[in-house]
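**Q** Kindly generate the corresponding structure for this input.
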Amino acid sequence: MNGSNQSDKKGECQSKAYQIAKEDFFDNFGHPSRKEGFLKIIFKTKIINIMSKKNQHVVPSGKDWAVKGEGNDKATKIVDTQAQAIKIARDIAINQKSEVVIHRPNGTFRDKDSYGNDPNPPKDKKH
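**A** Below is the predicted model of the structure:
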């Protein structure tokens, strides 16, 4: 994905998220126009934090396994086993409050674990 498309997607996401936050804010605190400037300041700092959280993918890399941040071309780390890669990805995801997406050796989706603010957290503790 080139920089222009990423920028357009980020702007679209921010716009939709801002609209939802604005409606929620006004539903709870009234609708005076002077509050909108205050909301923009708060929201800009929040959206930057949200956008920086990347899901971590555990993917095959030849005979090895790689941990890659979502959308990244380069691997964060390459290790010998899938188990090692899952542990590294899990640590990163816990730190960033994001998700780990585990792939099979053929590259297809195997499993997904959330370490963020998941509204429906899993009851099992597999990884």
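
**Q** quick one: low-confidence ranges for the chain?
**A** 1-52, 117-127 (pLDDT under 70).

**Q** Apply 90 and report the result again.
**A** Applying pLDDT under 90 to the chain flags residues 1-54, 71-72, 95-98, 113-127.

**Q** Show me the strands in it, by range?
**A** 56-61, 64-69, 77-79, 99-103, 109-114 (DSSP state E).

**Q** got CSV for the ones you listed, with distance to residue 85 too?
**A** No exception for glycine: its C-beta is placed from N, CA and C like everyone else's. CSV is the format used below for the strands of the chain (distance: least, Cβ to Cβ, whole Å):
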stretch, distance to residue 85
strand 56-61, 4
strand 64-69, 4
strand 77-79, 5
strand 99-103, 8
strand 109-114, 12
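
**Q** Including distance to residue 88 and mean neighbour count, could the ones you listed go into JSON lines?
**A** JSON lines is the format used below for the strands of the chain (distance: least, Cβ to Cβ, whole Å; neighbours: other Cβ atoms under 10 Å):
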{"stretch": "strand 56-61", "distance to residue 88": "8", "mean neighbour count": "21"}
{"stretch": "strand 64-69", "distance to residue 88": "5", "mean neighbour count": "21"}
{"stretch": "strand 77-79", "distance to residue 88": "5", "mean neighbour count": "16"}
{"stretch": "strand 99-103", "distance to residue 88": "10", "mean neighbour count": "21"}
{"stretch": "strand 109-114", "distance to residue 88": "13", "mean neighbour count": "14"}
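
**Q** mind listing what's buried in stretch 69-83?
**A** Within stretch 69-83, the residues that qualify as buried are 69, 75, 76, 78, 79, 82, counting by 16 or more other Cβ atoms under 10 Å.

**Q** Repeat that for stretch 89-98.
**A** Residues 89, 90, 92, 93, 96, 98 are the ones in stretch 89-98 that count as buried (16+ other Cβ under 10 Å).

**Q** now the closest residue to the first one other than its chain neighbours: how far from residue 101?
**A** Spelled out, that is residue 89. The shortest distance from residue 89 to any residue other than its chain neighbours is 3.9 Å, reached at residue 56 (Cβ to Cβ, 6 or more residues apart in numbering). Separation of residue 56 from residue 101 (Cβ to Cβ, to the nearest Å) stands at 7 Å.
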